[in-house]
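Asks: Next input, structure requested:
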Amino acid sequence: MDSVRTPDSERSEASGRASEASGRADENGGSDARGGSGTSDAVADNSLGRKVRSAARWSLINTVVMRLGNFATGILLARFALGPAEWGVYGIAQTVLLVLLSANELGVSLALIRWDGDPRRFAPTVLTLATASSVLLYAALFVSAPTVAGLLDSPHASGVLRVMCLCLVIDGVAQVPAGFLTREFAQGKRMLIDALNFVLSTAVTLALAFAGWGAMSFAWGAVVGNVAALVASAVAAPGTLRFGWDPQQARALLKFGLPLAGASLLALAVVNVDTMVVGSTLGGVSLGFYVLAFNMSGWPVRVISEAARRVSFAGFSRLADTPQALAQGFSRALAVLVTGTVPLCVLLGGLAGPVVHLVYGSKWLPAAEALPWLMALGLIRIGCELAYDCLVATGQRRSLILVQGLWVVALVPVLIVCARSGGIVGVAQGHVLVGAVLVVPVFLHALGRAGIGLAHIARACAWPFLGGIVMTVVILAARHLLGDGTPAVFAIGAVALASYVLCVLPGLGFLRGARTPEAV
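Replies: Just a heads-up that it's a prediction; the model follows:
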């Protein structure tokens, strides 16, 4: 189970170039606060660094706690309350919701994070635009829900769609207070808000699921949790829920936000198009297995990458005007993400069958067949998501839209062919093929144009990738010798992790900031 929340990073896109920032400041009545003496710049940099580090710590704690809670809840539901068919319906509803959330506020809320000046000057117009667009989008979804569910070969999902997508309206209203919290790096408050969301949504979901409500339990749990989060966000950012309208500001906001909403829609289409392909091609039961496997593959991505991305966009935006600092910041952020994610991906991929059997039970074993490939996809996604945030911050709007559009266009036919020939395993393999052969090289080219060369990326990934290769060899050899019993799985995992730690020790100095890529 995953709480139906929309991380800020899913719609995080803005421009950080000085000329564009000045233009936007003029449009919304703000002013550029940069400039002044070298001493004041140094003080500002130190203050920013402290904010980012504090926010990153709170964000990591928040994400780990929430994901562990979701993990435990998912086990209870999969083992005792819901089967693959119910998970398939939930997967359809969640996919539709996430795609709609990517564009529900037209991208205008990002101005609260990126534009200079006092955001309270234009926040009422943002709130009006976001709420109006969300209500209209939900109305369209409500009318078309039976058609959408039928196209995805899940006709029983229409009711779940109509309830779960109430979160569209709630999310639209919540964008302004959430944007203020993100702008100020207030991740401690965000943690409390997310905890409230999780506790209430999980309690409702579990109660309804064990009462026999099936996939509808996810929908009502999501609505209750999101309402609570909206109220808590308004309390944490007082005075932000004020409607207003300024036609000049609205034109500037739409000019700024619409291209970003399109890019965000493409980004979420990349992540969710496989669910639609599996549902329409292979049916609800196969979709249930695939959703479980995909959620498992997202554990390391969400725990580590989501925590970093809650602060990465704001941090990259501050560095966007200094190419060397941006390159160093991106390289170190990538190194931290990859170092923390590689061992989790290798463990879940190498021990897929035993882990699925141990955690969810034997009825879910078909999901394990796709898991190793989806773990490889998880690694690709982590790097691409961080690159996405960096390109957003540097204002490479055309490059970003081109990359995301190319990814979706290539992915759809490949996944359809792979689904028909290889089932859910073929879909996972098709994902990896498109990502590794097409998307990663294009992202590398776009990063190079932003001043982040291959040397920075290679420096960040070298030791973790070496450790991952060694871990893979250790797991394969140990499984051959010890088998797949529960004690053997824990022993294999411990030995593999120890081998990984030994491999990445030489890179710890870079992770701590003792060295830079230019120094090697």
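Asks: For Leu348, give its distance to Leu482.
Replies: Leu348 is 18 Å from Leu482, where distance means C-beta to C-beta, to the nearest Å. Where C-beta positions appear, they are placed from N, C-alpha and C, glycine not excepted.
Asks: Tell me which of the two has more neighbours.
Replies: With neighbours defined as other C-beta atoms under 10 Å, Leu348 and Leu482 compare such that Leu348 has more, 22 against 14.
Asks: So which other helices or strands are in contact with whichever helix or strand that one is part of?
Replies: Leu348 belongs to helix 323-350 when assigned by DSSP states H and E. On a contact count with 3 or more C-beta pairs under 8 Å, 6 or more residues apart in numbering; DSSP states H and E, helix 323-350 meets helix 284-300, helix 307-319, helix 371-393, helix 454-482, helix 486-504, helix 508-511.
Asks: Between helix 486-504 and the fourth one, find me the angle.
Replies: Using axes from the mean of the first three to the mean of the last three C-alpha atoms, to 10 degrees, the direction of helix 454-482 lies 150 degrees away from that of helix 486-504.
Asks: Does Val356 touch Pro372 like I think?
Replies: No: using C-beta atoms under 8 Å, Val356 is not in contact with Pro372, being 11.2 Å away.
Asks: buried stuff in stretch 364-375?
Replies: For stretch 364-375, the neighbour count (16 or more other C-beta atoms under 10 Å) marks Trp364, Pro366, Ala367, Ala368, Glu369, Ala370, Leu371, Pro372, Trp373, Leu374, Met375 as buried.
Asks: same question, stretch 191-201
Replies: For stretch 191-201, by 16+ other C-beta under 10 Å, it's Met191, Ile193, Asp194, Ala195, Leu196, Asn197, Phe198, Leu200, Ser201.
Asks: count of residues packed around Ser286?
Replies: Ser286, neighbours per other C-beta under 10 Å, totals 21.
Asks: what does Val271 give?
Replies: When neighbours are defined as other C-beta under 10 Å, Val271 has 21 of them.
Asks: residues in contact with it?
Replies: Residues near Val271 by C-beta atoms under 8 Å, 6 or more residues apart in numbering: Leu98, Arg381.
Asks: Need the phi and psi values for it.
Replies: phi -80, psi -30 (degrees, to the nearest 10).
Asks: and it, how far is that from Gly378?
Replies: Val271 sits at a distance of 11 Å from Gly378 (criterion: C-beta to C-beta).
Asks: that older thread, for the helices and strands packed on helix 323-350, which one sits closest to Leu433?
Replies: Leu433 lies closest to helix 371-393 among the helices and strands packed on helix 323-350, at 9.5 Å (C-beta to C-beta).
Asks: Can you name the next helix or strand after the closest one?
Replies: Of the helices and strands lying after helix 371-393 in sequence (DSSP H and E), the nearest is helix 397-434.
Asks: Between helix 371-393 and that following helix, find me the angle.
Replies: Inter-element angle recorded for helix 397-434 and helix 371-393: 170 degrees (by the same axes, to 10 degrees).
Asks: Please name every helix or strand in contact with helix 397-434.
Replies: Judged by 3+ C-beta pairs under 8 Å, 6+ apart, helix 397-434 is in contact with helix 247-282, helix 284-300, helix 371-393, helix 440-449.
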